[in-house]
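> Sequence and computational prediction follow.
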Amino acid sequence: MQRLTNRQIILGITGGIAAYKCAELTRLLKGAGADVRVVMTPAATEFITPLTMQALSGNPVHHQLLDPEAEAGMGHIELAKWADLILIAPASADFMARLESGQGNDLLTTLCLATDAPICLAPAMNQAMWRDIATQANADKLQQRGIKLFGPGTGEQACGDTGPGRMLEPAELAQLCAEQFSSGALSGKTVFITAGPTREPLDPVRYISNHSSGKMGYSLAQAAVDAGARVKLISGPVNLAAPERLQRVMVQTARDMLDASLDGIEQCDIFIASAAVADYRPTAVAEHKMKKGKEEVMELHLVKNPDIVATVAARPDKPFTVGFAAETQDVLAYARDKLQRKNLNLIVANDVSRSDIGFNSDENAVTVISADQDQPLPQTSKRQLANQLIELIASEYNRNSQ
Ligand code: PMT
């Protein structure tokens with residue numbers, strides 16, 4: 001079920017008594033980390049209300065093809081592109097017939113025509129309707145087109161008959177959905193990533209900061225999402241759009257970043273600190289813009305900021321903790337010292353004396369240091385490097401949890 005983390009699933013509901021089971025199915029899919037959007041045929045709304053499905057899925061329910069309000073939100077083509085998988089449960093005999101003949105006469109059939117995502121059907125109908133030659137021919141043709149059939153099961157039916165045509169149970173359907181996705185290196189894991197600089201205000205218009213662009217941290221967040229993790233990206237002020245399928249929390253100061261990092265830390269499996277956090281902040285923030293005086297020299301008084309990654313690593317329920325070390329000299333030696341001093345599992349040593357890597361560049365080169373080995377990762381794009389880092393972190397995390 002961990003494979004469902006971050007997956008975007010359209011649950012299509014057609015008219016059938018088994019529609020009531022979709023409440024539990026939605027709960028299971030959501031509980032496994034999937035984002036679920038429900039699309040109902042008009043007949044389905046006679047069996048279970050859109051309001052119920054909206055409350056359970058946490059998303060607006062779509063049930064009309066020609067609905068200007070819904071189209072203004074997420075239009076039907078956008079919805080078709082959004083889906084990683086479309087599960088139609090229950091799939092009635094009528095819906096299967098319409099899907100087989102390529103009709104687009106309601107929102108759900110239109111979505112099926114417009115999507116590139118895999119389509120899976122959970123047929124549910126009276127046993128005689130399932131056995132009918134037309135339904136069987138439709139089922140065969142749909143399968144030949146690559147559409148998967150989950151079930152139907154055999155047993156007692158709502159109408160009193162016994163035989164094939166029962167919709168599979170929600171737990172079986174959720175499991176079958178999960179099996180449609182390959183397992184990523186971090187499937188089901190919760191990863192927190194700090195990224196970008198912090199800003200420490202001096203007065204309402206000035207602050208102390210650094211050149212971090214956030215590119216390294218955002219690339220790591222994207223790579224962790226791609227590896228199947230549930231990601232919280234705690235970001236200082238940067239000019240980067242939030243990657244999809246993660247939670248981004250924007251912060252300004254080191255203390256804000258610490259608060260956002262500790263919020264929900266009990267759920268965190270892996271903490272990656274790539275942010276360039278200001279070590280010190282002004283002791284006081286002037287209420288008004290500071291005026292230029294007669295003095296040639298101005299003194300600033302600074303106080304130490306909390307160390308975020310060290311605070312996380314000092315917890316009794318410490319997640320697997322990865323720091324970065326930005327150094328301009330004796331890079332590996334200083335990094336090793338930080339690995340020990342901050343009680344980290346891994347540290348990524350980054351030579352920031354070069355202008356082609358490190359701060360605010362598109363490329364980077366690092367050495368990943370653990371207690372027993374150093375692994376250099378040569379210069380490449382931050383995106384590529386992030387994929388290599390996430391793979392390495394996942395494998396060290398797994399080794400550590402054995
Ligand atoms: O953002 P980019 O432009 O892509 O640049 C990427 C980067 C150069 C910022 C990144 O690769 C990097 O090296 N990040 C670490 C920057 C840094 O501040 O390193 P440090 O050696 O000062 O800190 C050591 C570790 O402690 C880091 O994991 C840092 O996040 C953490 N720290 C530091 C101070 C503090 N108060 N709290 C912390 O958590």
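Received it, and whenever you're ready, just let me know what you need.

> use CA for all of it now, contacts and neighbours both
OK.

> What pLDDT is listed against Ala221?
Note for Ala221: predicted pLDDT of 97.

> What's the first helix or strand after the host helix or strand of it?
Counting by DSSP states H and E, the element that carries Ala221 is helix 215-226. Counting by DSSP H and E, the next helix or strand C-terminal to helix 215-226 is strand 230-235.

> what lines up beside that next one in the sheet?
strand 190-195 (parallel), strand 247-250 (parallel) (DSSP bridges).

> possible to save those as CSV with mean pLDDT, mean neighbour count and distance to the ligand?
Shown next, in CSV, are the strands paired with strand 230-235 (pLDDT from 0 to 100; neighbours: other Cα atoms under 10 Å; distance: least, Cα to the nearest ligand atom, whole Å):
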stretch, mean pLDDT, mean neighbour count, distance to the ligand
strand 190-195, 98, 26, 6
strand 247-250, 98, 16, 14
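
> care to break this protein down by domain?
What automatic domain parsing lists as the domains of the chain is 2-179, 190-401.

> Okay, strands next: where are they in the stretch 201-350 of the chain?
Ranges of strands in the stretch 201-350 of the chain, per DSSP state E, counting those that start in this stretch, are 206-208, 230-235, 247-250, 270-273, 280-282, 302-304, 320-327, 346-351.

> For the first one, enumerate the helices and strands it packs against.
Think strand 206-208. In terms of contacts (3 or more Cα pairs under 8 Å, 6 or more residues apart in numbering; DSSP states H and E), strand 206-208 is packed against strand 200-203.

> Give me the contact list for the longest helix along the chain.
In the chain, with assignment by DSSP state H, the single longest helix is helix 382-401. Helix 382-401 is contacted from outside by 185-186, 215-216, 219-220, 223-224, 227, 270, 320, 362-365, 377, 379, using Cα atoms under 8 Å, 6 or more residues apart in numbering.

> what's the angle between it and strand 346-351?
In terms of direction (axes from the mean of the first three to the mean of the last three Cα atoms, to 10 degrees), helix 382-401 departs from strand 346-351 by 150 degrees.

> Helix 382-401 vs helix 215-226, what angle?
Using the same axes, to 10 degrees: helix 382-401 against helix 215-226 is 60 degrees.

> Does Gln266 touch Asp317 like I think?
Residue 266: Glu, not Gln. Yes. Using Cα atoms under 8 Å, Glu266 is in contact with Asp317, at 7.2 Å.

> Any idea how many residues pack against Ser361?
By other Cα atoms under 10 Å, 18 other residues sit near Ser361.

> okay, it: pLDDT?
pLDDT, Ser361: 94.

> Quick one: classify it as helix, strand or coil.
Here Ser361 is recorded as coil under DSSP: H, G, I helix; E, B strand; the rest coil.

> Angles on the backbone of it, please.
Backbone torsions of Ser361, given as degrees, to the nearest 10, read phi -110, psi 170.

> go on, Leu377?
Leu377 adopts backbone torsions of phi -120, psi 110, taken as degrees, to the nearest 10.

> List the contacts of it.
Each residue near Leu377 by Cα under 8 Å, 6+ apart is listed here: Ala365, Val366, Thr367, Val368, Leu385.

> give me that answer again for 10 Å
Val348, Asn364, Ala365, Val366, Thr367, Val368, Leu385, Gln388, Leu389 (Cα atoms under 10 Å, 6 or more residues apart in numbering).

> That's all I had, so thanks and see you.
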